[in-house]
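1. Attaching a predicted model along with its sequence, questions to come.
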Amino acid sequence: MADGITQAEYWNGEVGTRWARNQAVLDAMFVPLTEALFARAGLAPGDTVLDIGCGAGATTLEAARRVGPAGSVTGADISAPLLAVGRERAEAEPPGSASLRFVEADVETADLGRFDHVVSRFGVMFFADSARAFANVRRMLRPGDRMTFLCWRPLAENLWVGVPRDAVLPLLPEVPPPQPDTPGPFRFADADPLVALLRGAGFDAVTCDALDRDIVLGQGETDAAAVAAATHVALNLGPSSHLVREAAPDLRVRAEAAVAEALRRHAAGGAVRLRAACWLVQAG
C-alpha cells in the first residue's frame with residue numbers, strides 16, 4: 001500500500017474495484033481455507049454472526065446458510081465496491097434464508113450489535129489499532145461466545161505468495177521490509193504476540209493452530225492456460241501485486257515473464273497449486 005494512503009482509501013479505490021471484479025477467482029482460490037474456517041467455527045442454526053472484513057460476501061453468505069432462517073448475519077467491511085458485490089449476491093439467495101445485512105463500517109470502532117459468533121477470513125490484519133479492535137469485538141460478543149478467524153503465517157511459509165514474489169524481486173530496486181505491527185497481510189505471522197494481544201483484549205481461551213492447504217492459484221484447459229491465470233492472480237490480486245502496480249510497461253512485461261516461468265514448475269493437470277500457510281485462531 002502506498003505511503004500516506006489510509007486503509008479506507010486503499011480499499012475504496014482501484015484495488016477494491018479490482019478485487020470486486022475478480023471476487024469469483026479469489027473465492028475459488030480460498031475454498032479449502034474457507035472450509036477449514038467454518039469447520040472450526042461450529043455455527044449452529046439460529047446463531048447471530050458478525051463477519052469481519054467480509055469483502056464480496058462469500059463468507060457472509062456461507063455463514064447465513066449455516067445459521068438458517070432463524071439466524072442472522074452481519075457482514076462488515078470498509079470497501080464500498082466489495083460490499084456492493086456482496087449485496088448483489090445476497091439478493092440471489094433463495095427465499096427463507098437467514099436475515100442478512102452488509103454494512104460499511106470499521107470494526108475497530110463501530111458498535112454493530114451483539115453476536116453469538118464472530119468469524120473472519122483474512123480480515124483482522126488491517127486495523128490501525130489491533131488491541132482496540134479486538135477489545136471492541138470482545139464487547140460485541142455475548143458472554144461465553146467466541147471469535148474464529150484465519151490469518152497468514154510468515155511469508156516464507158506461503159509459497160503462493162513467495163514463489164511469484166521471489167521471481168519479481170530481482171527486477172526491482174531494493175524493497176524495504178514492512179514496518180512491524182502495521183496493517184498488512186503478514187501482521188500476525190508470529191503467533192505468540194497475537195495470542196498475547198487477544199488475551200489483553202479480554203479473551204480468556206485462545207487457540208492458535210497451524211493450517212496448511214494447497215490452493216489453486218490458476219487453472220485452465222491446459223497447463224499453459226493455468227500458468228497464465230496464476231500469473232494474473234499473482235500480479236494483480238496477490239499480496240505482492242503492489243510491487244509492479246505502477247511499473248513501467250517494459251518492467252511489467254519482464255515481471256510477467258519471470259513469474260510465469262516460476263509458476264510453470266508448479267503446474268500439473270491444468271492447475272497451478274501452491275502451499276498456503278495460516279493460523280486458524282479461536283478466542284472466547
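-> It's in.

2. Which residues belonging to stretch 10-27 are considered buried?
-> Buried residues in stretch 10-27, counted by 16 or more other Cβ atoms under 10 Å: 10-12, 15-17, 19-20, 22-23, 25-27. (C-beta placed from N, C-alpha, C; glycine too.)

3. can you give me the offset of that stretch from its chain's centre?
-> Distance, stretch centre to chain centre, for stretch 10-27: 12 Å (Cα atoms, centre = their mean, to the nearest Å).

4. Let me know the closest of the buried residues of stretch 10-27 to residue 133.
-> Closest approach to residue 133 among the buried residues of stretch 10-27 (Cβ to Cβ): residue 11, at 15.6 Å.

5. quick one: contacts for the closest one?
-> 77, 78, 79, 81, 82 (Cβ atoms under 8 Å, 6 or more residues apart in numbering).

6. and with 7 Å instead?
-> Residue 11 makes contacts with 78, 79, as judged by Cβ atoms under 7 Å, 6 or more residues apart in numbering.

7. Grab the nearest non-local neighbour of residue 61.
-> residue 89 (6.2 Å; Cβ to Cβ, 6 or more residues apart in numbering).

8. For the helix or strand containing that neighbour, list the C-alpha coordinates in CSV.
-> Taking DSSP states H and E as the definition, one finds residue 89 inside helix 80-91. Extracted in CSV, the C-alpha atoms of helix 80-91 (Å, rounded to 0.1, in the frame of the first residue of the first chain):
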residue,chain,number,x,y,z
ALA,A,80,-17.9,0.0,-0.8
PRO,A,81,-17.1,-1.7,-4.1
LEU,A,82,-16.7,-5.1,-2.4
LEU,A,83,-19.9,-4.6,-0.3
ALA,A,84,-21.8,-3.8,-3.4
VAL,A,85,-21.0,-7.2,-4.8
GLY,A,86,-21.9,-8.8,-1.5
ARG,A,87,-25.4,-7.2,-1.6
GLU,A,88,-25.9,-8.3,-5.2
ARG,A,89,-25.0,-11.9,-4.3
ALA,A,90,-27.3,-11.8,-1.3
GLU,A,91,-30.3,-10.9,-3.5
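
9. helices and strands around it, which ones?
-> helix 14-21, helix 58-67, strand 99-104 (3 or more Cβ pairs under 7 Å, 6 or more residues apart in numbering; DSSP states H and E).

10. want to throw those into TSV with mean pLDDT?
-> Output for the helices and strands packed on helix 80-91, formatted as TSV (pLDDT from 0 to 100):
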stretch	mean pLDDT
helix 14-21	90
helix 58-67	96
strand 99-104	96
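
11. who wins for proximity to residue 187 among these?
-> helix 14-21 (17.4 Å).

12. what's that closest one packed up against?
-> By 3+ Cβ pairs under 7 Å, 6+ apart, helix 14-21 packs against helix 80-91.

13. and stretch 116-135, how far out from the chain's middle?
-> Going by Cα atoms, centre = their mean, where stretch 116-135 is centred and where its chain is centred differ by 12 Å.

14. List of residues touching that stretch?
-> Stretch 116-135 is touched from outside by 7, 30, 33-34, 37, 41, 43, 47-54, 59, 63, 107-108, 137, 141-142, 145-151, 183-185, 187-188, 197-198, 200-202, with contacts defined as Cβ under 7 Å, 6+ apart.

15. next one: stretch 187-204
-> Under Cβ under 7 Å, 6+ apart, the answer for stretch 187-204 is 125, 130-131, 134-135, 138, 151-154, 181, 206, 208, 279, 283-284.
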